[in-house]
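Undergrad: what's the 3D shape of this:
(one chain, ligands or ions: 2)
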Amino acid sequence: MSYVDEIIEAVTQNHPGEPEFHQAVKEVLNSLRPVIDLNEARYRREALLERLVEPERIITFRVPWVDDQGQAHVNIGYRVQFNSAIGPYKGGLRLRDNVNLSIIKFLGFEQIFKNSLTGLPIGGGKGGSNFDPKGKSDREIMVFCQSFMTELARHIGADTDVPAGDIGVGAREIGYLFGQYKRMKNCFEGVLTGKGLTYGGSLARTEATGYGLVYLLDEMIRTHGDQLAGKTVAISGAGNVAIYATEKAQQLGAKVVTLSDSTGWIYDPEGIDLAAVKEIKEVRRARLSEYLTVRPNAQYSTEGRVWSVSCDVALPCATQNELDLADAEALVRNGCRYVAEGANMPTTLEATEYFQAKGVLFAPGKAANAGGVATSALEMSQNSQRLSWSFEEVDQKLKGIMVSIYHKIDEAAKRFGAADNYVLGANIAGFEKVAEAMLAQGVAF
Ligand code: NDP
Ligand code: 2IT
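TA: Ligands and ions are numbered 1, 2, ... in the order given. Model (predicted):
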């Protein structure tokens, strides 16, 4: 059996009941085959893949908190410190009712390669809890975040592990987490990113993932002799990534016609009114169905998914496995030619393979959504310097990083005779730096 197949089998056997983690490992290891084949003897001797798929550390803990009625609750907290070969663990915290160890491990695993692709010195980690912020009062959110940080604080630090936001964690939650960390440690340091601008946050971090996604998409389209301006774009999600992907796509002359949340989706053939969406989702934290009160000619549906509309570009920006084979078939049938993942692993393996077989240019999340964590690393740099850079400076650096990521994954794909296969290109380019660093540091890593 090949080394890759052995490891895939071992992961499946050693960690039953972790389907998302298995999926991420399969996707990465399958596309690493050409590079593993070239170095198989050395990698086997050093147990490189065994080490790569096993987190350095998994921390799980109880998060007790009391709601506004005086009722106590317990949630499960996680931090997976996956790989520190190239820098301190870095990756977001997710708060959502469906969070479990499999989801946090898949996200932490993906983060290793994504962070490597940014070219910045950050290792891979992820955390979160099965706490759902939806419907909770501000006070309940604060109490939960304080309890969560009370345990997490002993495991993180500006040079050890630097969490940030993800689904369900935005500026409000980062603020409460930071306040508790500072109080406990008596230390004002850059231990979290995505902070508010009055206490060490970076300009353009809020926009970074969505903007970065569109910068990479734009570069991919332009290098294929086409342009983003005038294209029709379907986007899923209505959170941080979806909103700022919409904003940048609109600025570059594209027309975004869909958005979604977990209860339904909107189709506005005249183009999404982003100010209305920001008011609904960012200010009032309400349901997307309210969009119809502002734009009565738009459509709202709780059936099916955004991928049934006609579009040139699809940007899944909500959650994992939200675009399956049937969705991919519908997209291709309706003329879609470019897909870039704003979310982490939103496209199933079958759908990804279908896109590639049909010649759709497909940019995987670990490259396409790396602008968020890259700008988090820029926030860490600013914190270390005790300076803050202008919006334009951070945005320019972000754009440079995304263009460079595109060319890295394009080059790696071509080097292995698989031009335009950006799944292979991203996995190989991300892996090479981490593998070299792990080998250089000996088997302690
Ligand atoms: P937000 O919490 O801001 O928004 C998430 C959006 O996706 C919401 O509209 C939410 O709907 C919807 N959603 C979440 N879970 C589900 C689900 N199970 N089914 C259907 N819809 C769902 O999160 P982000 O925008 O930050 O994150 C979106 C994706 O992007 C995630 O995959 C995340 O890992 C990834 N990502 C985020 C980065 C960041 O910097 N924030 C960086 C890189 C990747 P509702 O409003 O109903 O909850
Ligand atoms: O998935 C991701 O890259 C994020 N949620 C952002 C992580 C970060 O540390 O900014």
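
Undergrad: for ligand 1, what are the nearby residues on the stretch 101-250 of the chain?
TA: Counting by CB under 6 Å from any ligand atom, the residues of the stretch 101-250 of the chain close to ligand 1 are 165-168, 209, 237-242. Quick note: C-beta positions are derived from backbone N, CA and C, even for glycine.

Undergrad: tell me the contacts of Y3?
TA: Y3 makes contact with 36, 40, 43-44, 49, according to CB atoms under 8 Å, 6 or more residues apart in numbering.

Undergrad: Looking at A444 now. What's its pLDDT?
TA: Per-residue pLDDT puts A444 at 74.

Undergrad: my bad, should have said P55
TA: So, for P55, pLDDT stands at 98.

Undergrad: What is the neighbour count of whichever residue of the chain sits closest to ligand 1?
TA: Using CB to the nearest ligand atom, the closest approach of the chain to ligand 1 is made by G239 at 1.7 Å. Applying other CB atoms under 10 Å, we find 24 residues neighbouring G239.

Undergrad: Identify the residues contacting it.
TA: Per CB under 8 Å, 6+ apart, neighbours of G239: 167, 261, 281, 317-318.

Undergrad: can you list the contacts of Y3 in CSV and add secondary structure?
TA: Converted to CSV, the contacts of Y3 look like this (DSSP: H, G, I helix; E, B strand; the rest coil):
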residue, secondary structure
I36, helix
E40, helix
Y43, helix
R44, helix
L49, helix
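
Undergrad: want to try TSV for those, with distance to ligand 1 as columns?
TA: Output for these, formatted as TSV (distance: CB to the nearest ligand atom, whole Å):
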residue	distance to ligand 1
I36	27
E40	33
Y43	29
R44	33
L49	25
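
Undergrad: Show me just the buried residues among those residues.
TA: 36, 43, 49 (16 or more other CB atoms under 10 Å).

Undergrad: so for stretch 207-222, what's the average pLDDT?
TA: 98.

Undergrad: So for that stretch, what gets flagged as buried?
TA: For stretch 207-222, by 16+ other CB under 10 Å, it's 207-221.

Undergrad: Return the member of the residues you listed nearest to K231.
TA: Using CB to CB, I221 is the member of the buried residues of stretch 207-222 that sits closest to K231, with 7.9 Å.

Undergrad: distance of the closest one from G108?
TA: Distance, I221 to G108, by CB to CB, to the nearest Å: 31 Å.

Undergrad: number of nearby residues for T263?
TA: T263 has 10 nearby residues by other CB under 10 Å.

Undergrad: residues near the nearest residue to it once chain neighbours are set aside, how many?
TA: Nearest residue to T263, sequence neighbours excluded (CB to CB, 6 or more residues apart in numbering): R287, at 5.7 Å. Residues near R287, counting by other CB under 10 Å, number 15.

Undergrad: these two touch, right, R287 and L259?
TA: No: contact criterion CB atoms under 8 Å: R287 and L259 do not qualify, at 12.0 Å.

Undergrad: can you pull out the strands in this protein?
TA: 57-66, 72-83, 89-95, 123-129, 161-164, 232-235, 255-261, 264-267, 299-301, 313-315, 338-340, 361-363 (DSSP state E).

Undergrad: of all those, which lies closest to R139?
TA: Using CB to CB, those put strand 57-66 closest to R139, at 10.0 Å.

Undergrad: The closest one: which residues count as buried?
TA: Buried, per 16+ other CB under 10 Å, within strand 57-66: 59, 61, 63, 65.

Undergrad: what's the distance between the third one and T12?
TA: Think V63. From V63 to T12 the distance is 30 Å (CB to CB).

Undergrad: And for the last one?
TA: Between W65 and T12 the computed distance is 35 Å (CB to CB).

Undergrad: do the same with the first one
TA: I59 sits at a distance of 24 Å from T12 (criterion: CB to CB).

Undergrad: Over to the second one?
TA: When distances are taken as CB to CB, F61 and T12 turn out to be 27 Å apart.

Undergrad: Count residues in the vicinity of Q111, would you?
TA: 26.

Undergrad: wait, isn't it in contact with K126?
TA: Yes: Q111 lies in contact with K126 (CB under 8 Å); the separation is 5.7 Å.

Undergrad: Are there residues contacting both of these two? Which ones?
TA: 82, 91.

Undergrad: how about low-confidence regions in the stretch 101-250 of the chain?
TA: For the stretch 101-250 of the chain, no stretch has pLDDT under 70.

Undergrad: which parts of it sit against ligand 2?
TA: 114, 164, 166, 193.

Undergrad: To what extent is the third one buried, counted in neighbours?
TA: Spelled out, it's D166. 26.

Undergrad: for the residue nearest to it when sequence neighbours are not counted, which residues make a bridge with it?
TA: Spatial nearest neighbour of D166, excluding adjacent residues (CB to CB, 6+ apart): G92 at 3.2 Å. On the basis of DSSP bridges, G92 is bridged to A164.

Undergrad: one step back: looking at the residues of the stretch 101-250 of the chain next to ligand 1, spot the one nearest ligand 2.
TA: Using CB to the nearest ligand atom, these come closest to ligand 2 at D166, 3.8 Å.
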